[in-house]
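> missing the sequence, but the structure's below:
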């Protein structure tokens with residue numbers, strides 16, 4: 001085997017050792033997080049040895065009593081690591097998604113429309129946001145929530161739906177300050 005081959009074999013071996021150690025540490029830390037609180041060691045009075053027949057079981061002599069002052073930090077550190085029962089982050093709290101009219105031939109600029117689940121936009125009066133625009137289809141697009149985010153979907157319109165100047169195909173995630181153009185109407189998404 002050449003010297004280059006030995007160097008490659010040594011490098012591969014070191015990578016495998018690193019991956020093994022990393023997986024052990026990761027697994028151990030996950031187990032420690034999920035283990036839950038640890039009870040403090042028993043005091044001398046709680047762990048007094050039993051007298052009489054042990055039924056064949058060895059009698060375990062407890063270690064020396066741990067002072068109560070040292071047990072308190074352990075209990076506090078365990079309590080401080082407990083996780084709340086709910087989700088870690090609730091992203092949809094205090095968010096008020098809305099569409100604001102920037103410019104339109106039929107809607108006054110500045111009008112705000114709160115976005116609701118499954119709201120549609122188009123020329124039909126049955127839409128959540130009716131747009132009297134000759135370049136808009138009757139059911140042009142819809143805005144809907146998916147998880148913690150809102151999306152817009154073109155509903156097969158003739159002239160297309162544009163987000164920030166780009167025509168969307170299917171669905172597109174909306175972000176604050178995105179401009180939506182339907183025909184000659186321009187709306188801005190805000191949260």
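Perfect, thanks for sending it. Being a predicted model, the structure only gives us computed values, none of them experimental. Numbers count the residues shown, from 1 in each chain.
> drop to CA atoms for contacts and neighbour counts, all remaining ones
Fine.
> I'd like to know how far residue 19 sits from residue 12.
Applying CA to CA, to the nearest Å, the value for residue 19 to residue 12 is 11 Å.
> quick one: low-confidence parts of this protein?
35-93 (pLDDT under 70).
> can you list the domain ranges for it.
For the chain, automatic domain parsing gives the domain ranges 1-31, 98-190.
> Turn those domains into TSV, including mean neighbour count.
Shown next, in TSV, are the domains of the chain (neighbours: other CA atoms under 10 Å):
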stretch	mean neighbour count
domain 1-31	11
domain 98-190	18
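> quick one, helices of this protein?
In the chain, the helices defined using DSSP state H lie at 3-34, 68-81.
> which residues does residue 167 bridge with?
Residues in a beta bridge with residue 167, per DSSP bridges, are residue 162.
> That one contacts residue 158, correct?
No. Applying CA atoms under 8 Å, one finds residue 167 not in contact with residue 158, separated by 11.9 Å.
> How are the strands of the chain distributed by residue range?
Shown for the chain, the strands assigned by DSSP state E span residues 98-103, 112-114, 119-122, 129-130, 141-146, 149-154, 161-163, 166-167, 171-173, 179-182, 185-190.
> In its sheet, which strands sit next to the third one, and in what direction?
Taking DSSP bridges as the criterion, strand 119-122 sits next to strand 129-130 (parallel), strand 141-146 (antiparallel) in its sheet.
> The second one too?
In its sheet, strand 112-114 lies beside strand 98-103 (antiparallel), with partners assigned from DSSP bridges.
> Taking their axis directions, the partner strand and strand 185-190 sit at what angle?
Interaxial angle of strand 98-103 relative to strand 185-190 (axes from the mean of the first three to the mean of the last three CA atoms, to 10 degrees): 140 degrees.
> Go ahead and name everything in contact with strand 98-103.
The contact list for strand 98-103, computed with CA atoms under 8 Å, 6 or more residues apart in numbering, reads 107-115, 184-191.
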